[in-house]
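> my questions concern the predicted model and sequence given below.
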Amino acid sequence: MPKRVTIERSENHAYYSGLLWCSVPLVGMACYYYGARPALLLLAGLLTAYLCDCALAPLHGEGYQTHEPSSECFAALIVLMMPATVPYSVVVVAVITAVLVKEAFGGEGHYPFHPAAAGMAVAGISWPDSVYQYPLPGTRLPLFGTVDTTLVQGMNATLRDGGLPSASTMNLLTGNVSAALGTSAALVIMACGLFLLVRGHVKLSVLIPFFAFCIGLPWLLPQLNELPVLSWPWEYVRQRIYLEKYIILSGTALFGGLFLICEPVTMPNRTSSRIVYGAALGIATFAFRIFSPYESAVCFALLIVGAIPEWLDLISHRTERIRFMRKEERRLAKFTKPE
């Protein structure tokens with residue numbers, strides 16, 4: 001009787017599987033507004049990731065492991081941050097970039113930078129008109145070929161120029177705005193985030209400081225033409241609230257906070273390090289949103305701040321060790337104190 005082979009799942013299998021399941025309702029909302037093209041874009045990204053894994057598997061000295069869905073997860077995240085009109089070729093290049101970034105550092109569990117953020121950054125810099133121009137909601141897009149429809153800039157362009165978008169709160173919550181196909185329906189994103197939080201895939205030690213700075217810095221330093229350059233935080237409260245609404249609900253801040261920054265491989269391991277990491281991501285996201293012409297500010301923030309998690313863990317470990325040694329010295333001093 002042949003021996004039964006047991007395949008052990010990777011350590012982060014549940015995390016990547018949870019994100020893949022969360023991509024289903026987000027793509028479903030995009031299909032409601034644009035037709036079946038978003039679903040085909042997702043399938044193209046998943047297929048590209050699977051084929052890349054199959055092609056690169058021999059580099060590890062073993063066959064392709066079906067229990068390791070990280071590449072497919074990164075592909076789904078990339079597609080969700082792109083417009084429904086993006087060419088299939090751009091999706092393929094972005095996914096290939098993400099897989100190569102993952103494999104260049106040894107595969108799952110070893111990469112220092114978020115692969116999906118890297119793929120999105122490469123595609124955005126190379127084809128900004130295809131990646132950061134969005135169709136009007138309700139436009140039925142062709143499945144293949146050139147998309148000939150009206151495209152507009154994302155709402156972050158208006159915020160960056162010191163204005164406020166005109167989208168209503170209900171449209172922001174339901175995704176009835178011109179934005180990336182997976183980042184516009186705030187209600188669905190928050191529901192998926194709650195699912196991830198309950199499953200333990202979202203770490204509050206990273207999430208809370210990230211949103212604290214994403215919300216706090218614009219409140220203290222609002223970029224609004226109708227406000228004076230310097231004003232007290234308790235002045236012009238109504239305008240500040242409107243600004244915060246669009247910052248959280250109109251771009252990738254909410255999506256990035258719930259789907260990207262808590263990636264288990266790239267974030268620090270220690271709680272104290274995660275607090276600093278989340279705060280640094282919030283500050284970098286604010287800076288890129290103000291000074292960068294790109295919509296996906298959180299992706300560029302991840303690539304910059306992704307260089308420090310190991311240093312944060314090292315500093316935290318040494319600090320705890322010094323505290324422990326000093327505590328032991330004080331304890332021993334009590335016993336060696338002369339009568």
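In hand now; what should we look at?
> next, the buried residues of stretch 238-250.
Of the residues in stretch 238-250, those with enough neighbours to count as buried (16 or more other CB atoms under 10 Å) are 240, 242-250. For glycine as for every other residue, the C-beta is placed from the backbone atoms N, C-alpha and C.
> so which of the residues you listed belong to strands?
In this view, the buried residues of stretch 238-250 have no member that belongs to strands under DSSP state E.
> now those residues as JSON lines including pLDDT and distance to residue 90?
JSON lines is the format used below for the buried residues of stretch 238-250 (pLDDT from 0 to 100; distance: CB to CB, whole Å):
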{"residue": "240", "pLDDT": "87", "distance to residue 90": "37"}
{"residue": "242", "pLDDT": "87", "distance to residue 90": "33"}
{"residue": "243", "pLDDT": "88", "distance to residue 90": "31"}
{"residue": "244", "pLDDT": "89", "distance to residue 90": "32"}
{"residue": "245", "pLDDT": "89", "distance to residue 90": "30"}
{"residue": "246", "pLDDT": "89", "distance to residue 90": "27"}
{"residue": "247", "pLDDT": "88", "distance to residue 90": "27"}
{"residue": "248", "pLDDT": "88", "distance to residue 90": "27"}
{"residue": "249", "pLDDT": "87", "distance to residue 90": "26"}
{"residue": "250", "pLDDT": "82", "distance to residue 90": "23"}
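> from those, which land in helices?
Cross-referencing those with the helices (criterion: DSSP state H) gives 240, 242-249 as the overlap.
> from the residues you listed, which single one is nearest residue 203?
Each of these was checked against residue 203 using CB to CB; the closest is residue 248, at 19.1 Å.
> can I assume that closest one is in contact with residue 258?
No. Contact between residue 248 and residue 258 fails when scored by CB atoms under 8 Å: they sit 11.4 Å apart.
> buried residues, the helix or strand hosting residue 218. List them.
Taking DSSP states H and E as the definition, one finds residue 218 inside helix 204-220. The neighbour-count check on helix 204-220 (16+ other CB under 10 Å) flags 205-207, 209-211, 213-218 as buried.
> please report the number of neighbouring residues for residue 42.
The tally of other residues near residue 42 (other CB atoms under 10 Å) stands at 24.
> host element of it?
helix 37-56.
> what about the next helix or strand after that helix, average pLDDT?
Once the chain leaves helix 37-56, the next helix or strand it forms, by DSSP H and E, is helix 70-80. Throughout helix 70-80, pLDDT has a mean value of 93.
> what packs against helix 70-80?
Contact partners of helix 70-80 among helices and strands, from 3 or more CB pairs under 8 Å, 6 or more residues apart in numbering; DSSP states H and E: helix 13-34, helix 37-56, helix 88-104, helix 115-126, helix 253-259.
> can you give me the offset of it from its chain's centre?
Shown here is helix 70-80, whose average C-alpha point lies 11 Å from the average C-alpha point of the whole chain (CA atoms, centre = their mean, to the nearest Å).
> quick check: angle from it to helix 88-104?
Using axes from the mean of the first three to the mean of the last three CA atoms, to 10 degrees, the inter-axis angle of helix 70-80 relative to helix 88-104 is 140 degrees.
> angle of helix 70-80 against helix 13-34?
Computed by the same axes, to 10 degrees, the angle between helix 70-80 and helix 13-34 is 30 degrees.
> which residues touch helix 70-80?
10, 12, 16-17, 19-20, 23, 26-27, 38, 41-42, 44-46, 48-50, 52-53, 91, 94-95, 98-99, 102, 108, 115-116, 119-120, 123, 180-183, 255, 259-260 (CB atoms under 8 Å, 6 or more residues apart in numbering).
> same check on stretch 156-170?
The list of residues contacting stretch 156-170 from outside it, by CB under 8 Å, 6+ apart, reads 155, 176-177, 223-225, 239, 242-243, 245-247, 249-251, 289-290, 293, 295, 297.
> buried sites along it?
Neighbour-count burial for stretch 156-170, with 16+ other CB under 10 Å as criterion, is recorded at 156, 158-160, 164-165, 167.
> between the residues you listed, which sits nearest residue 305?
Closest approach to residue 305 among the buried residues of stretch 156-170 (CB to CB): residue 156, at 19.2 Å.
> any idea how far residue 298 is from that closest one?
To residue 298, residue 156 is 11 Å away according to CB to CB, to the nearest Å.
> with just CA atoms, put stretch 224-231 into PDB.
These are the backbone C-alpha positions of stretch 224-231, laid out as PDB (Å, rounded to 0.1, in the frame of the first residue of the first chain):
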ATOM      1  CA  LEU A 224      -6.900  73.200   2.000                       C
ATOM      2  CA  ASN A 225      -6.900  76.400   0.000                       C
ATOM      3  CA  GLU A 226      -9.900  77.800   1.900                       C
ATOM      4  CA  LEU A 227      -8.000  77.600   5.200                       C
ATOM      5  CA  PRO A 228      -5.100  79.900   6.400                       C
ATOM      6  CA  VAL A 229      -1.600  78.500   6.200                       C
ATOM      7  CA  LEU A 230      -1.500  78.300  10.000                       C
ATOM      8  CA  SER A 231      -4.500  77.700  12.200                       C
END
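> buried set for it?
Of the residues in stretch 224-231, those scored as buried under the neighbour-count criterion (16+ other CB under 10 Å) are residue 224.
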